[in-house]
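> show me the folded form of this:
(3 chains)
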Amino acid sequence: MSNELENLNKININSFQNDLISWFKREQRDLPWRKDQDPYKVWVSEIMLQQTRVDTVIPYFNRFIEWFPTIDDLADADEDKILKAWEGLGYYSRVRNLQSAVREVRETYNGVVPYTPEEISKLKGVGPYTAGAILSIAYGIPEPAVDGNVMRVLSRILSIWEDIARPASRKVFEQAVRKLICHDDPSAFNQALMELGALICTPTSPACLLCPVREHCQAFEEGVQNELPVKTKKTKTRHVQLAAALLVDDRGRFLIHKRPDTGLLANLWEFPNVEIEHPVEGERGHVDELFHTSLGLKIKLGKIIGQVEHVFSHLIWNIKVYVGKINSEYEESCDWKLVSIKEMEQYAFPVPYQKMFKMYLNQEK
DNA sequence: GAGGCGTGGGT
DNA sequence: TACCCAAGCCT
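Numbers count the residues shown, from 1 in each chain, chains lettered A, B, ... in the order given. Model prediction:
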């Protein structure tokens, strides 16, 4: 590991810290989670920002803090409501883990977000990055907060040719941060590295001529800034064929179903659907049969009104959208409900089912 | 360590 | 179009 960091010796650490932090204080974006250092709000923002763009997060963050201003408010909230607050953000286990963790903070830490690496890392959904981010930003503790930005920025500055796709590589960059971090302002230092990665030291075509730490950058000096970071890994996406139905009763209510509490889109709501294991041309009676055997729904499906394609990070759904009628006497349960369009607003639906419903509303016209 | 887990934007 | 990417974590 020390070998990867040989270029650390070439950096004037004080000068680097000063150039980086003064740029950050001058140029940092005005973001809602930067208005104060409330550990709870910092925490919420860091969870939302995992694998998610700043512009996407901003409105979600504001509404989330409005709905759940404190740890107590979030701890006491209904799960359907926290999922509704997260609807459209993706990676829904984040918010369920967050609620579980704030309950833990209330019970075990008297409502105070823990401020040691050991304790904070025990919280559900708080991994090495988030732990360092909260500790440094909310508490001013000099811990590394190594995310994708930091690995990219430091791989260039220190000319580190480690493959950042390997989980083990993160430790190399944590060691680098431990050497470089400014103990007078760990919060500004960590945020500055990420801000630099977001605004200047971007994945493609970095704006080196605008970079406040260009003179410290090994990759720029060697002209290899476009070759770094090294990142392998390819995407493999599986295709899944689904048939889903908008089943409406004579009072205009739709049948919806709650997904299982683990796995993909856990505990979100959906329209009744089945996976078509072996797609067969023109076999729509087969779909009726699957609705019966898999879902216990004895109904005759109507026409197909269209198809919805949705691309996840690891798989692709293609949904054939059916319409149909259902008896008003249908017996509801905790997982199956008949709801009006207005009532539907209380339930969190993943984007593919939102697309599906919009398609239905459009063809009604 | 590898793969599951969302979504929208950029090129 | 078909990738790649964005303030990761869990199993």
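> next up, the contacts around A:W33.
Contact partners of A:W33, counting by CB atoms under 8 Å, 6 or more residues apart in numbering, are A:K41, A:V42, A:V44, A:S45, A:F61. Heads up, the C-betas are built off the backbone N, CA and C, glycines and all.
> so which of these comes closest to A:N267?
A:V44 (19.3 Å; CB to CB).
> the closest one is in what secondary structure piece?
If you go by DSSP states H and E, A:V44 is part of helix A:39-49.
> from the contact counts, what lies against that helix?
Helices and strands touching helix A:39-49, by 3 or more CB pairs under 8 Å, 6 or more residues apart in numbering; DSSP states H and E, are helix A:54-67, helix A:93-108, helix A:128-139.
> quick one: it to helix A:128-139, angle?
150 degrees (axes from the mean of the first three to the mean of the last three CA atoms, to 10 degrees).
> what's the angle from helix A:39-49 to helix A:54-67?
140 degrees.
> the residue nearest to A:N97 when sequence neighbours are not counted and A:P260, how far apart?
Of all residues beyond its chain neighbours, the one nearest A:N97 is A:G125 (3.2 Å), with distances taken as CB to CB, 6 or more residues apart in numbering. Per CB to CB, to the nearest Å, A:G125 is found 20 Å from A:P260.
> between the two, who's got more neighbours?
A:G125 (19 against 10; other CB atoms under 10 Å).
> in chain A, what residue comes closest to DNA strand C?
Here the residue of chain A nearest DNA strand C is A:G127; by CB to the nearest atom of the strand that distance is 2.4 Å.
> how many neighbouring residues does the closest residue to that residue other than its chain neighbours have?
Closest residue to A:G127 apart from its sequence neighbours, by CB to CB, 6+ apart: A:S121 at 7.6 Å. Counted with other CB under 10 Å, the neighbours of A:S121 add up to 15.
> surely A:S121 meets A:Y129?
No: with contact defined as CB atoms under 8 Å, A:S121 does not reach A:Y129; the gap is 10.7 Å.
> gap between A:T293 and A:I256?
20 Å.
> these two: which is more packed in?
More crowded of A:T293 and A:I256, by other CB under 10 Å: A:I256, with 22 against 10.
> now A:Y347, nearest residue through space, not along the chain?
A:W269 (4.3 Å).
> kindly apply the preceding question to A:L199 instead.
A:E27 (7.2 Å).
> what parts of chain A come near DNA strand C?
Listed as neighbours of DNA strand C in chain A under the rule CB under 7 Å from any atom of the strand: A:31, A:45-46, A:49-54, A:91, A:93, A:97, A:124-131, A:133, A:147-149, A:152, A:167, A:191, A:194-195, A:197-198, A:202-204, A:231, A:234-235, A:313.
> stretch A:326-334 - what's its average pLDDT?
The average pLDDT within stretch A:326-334 is 90.
> sorry, slip of the keys, the one I care about is stretch A:256-275.
On average, stretch A:256-275 scores 95.
> how about stretch A:89-107?
On average, stretch A:89-107 scores 98.
> gap between that stretch and the chain center?
13 Å (CA atoms, centre = their mean, to the nearest Å).
> same check, this time on stretch A:357-365
29 Å.
> any part of that stretch near DNA strand B?
No: interface with DNA strand B: stretch A:357-365 contributes nothing (CB under 7 Å from any atom of the strand), its closest point being 11.4 Å away.
> mean confidence score for that stretch?
88.
> pull out the buried residues from it.
Buried positions in stretch A:357-365, judged by neighbour count with 16 or more other CB atoms under 10 Å: A:F357, A:M359, A:Y360.
> same deal with stretch A:93-100?
Buried-residue list, stretch A:93-100, by 16+ other CB under 10 Å: A:S93, A:R94, A:V95, A:R96, A:N97, A:L98, A:Q99.
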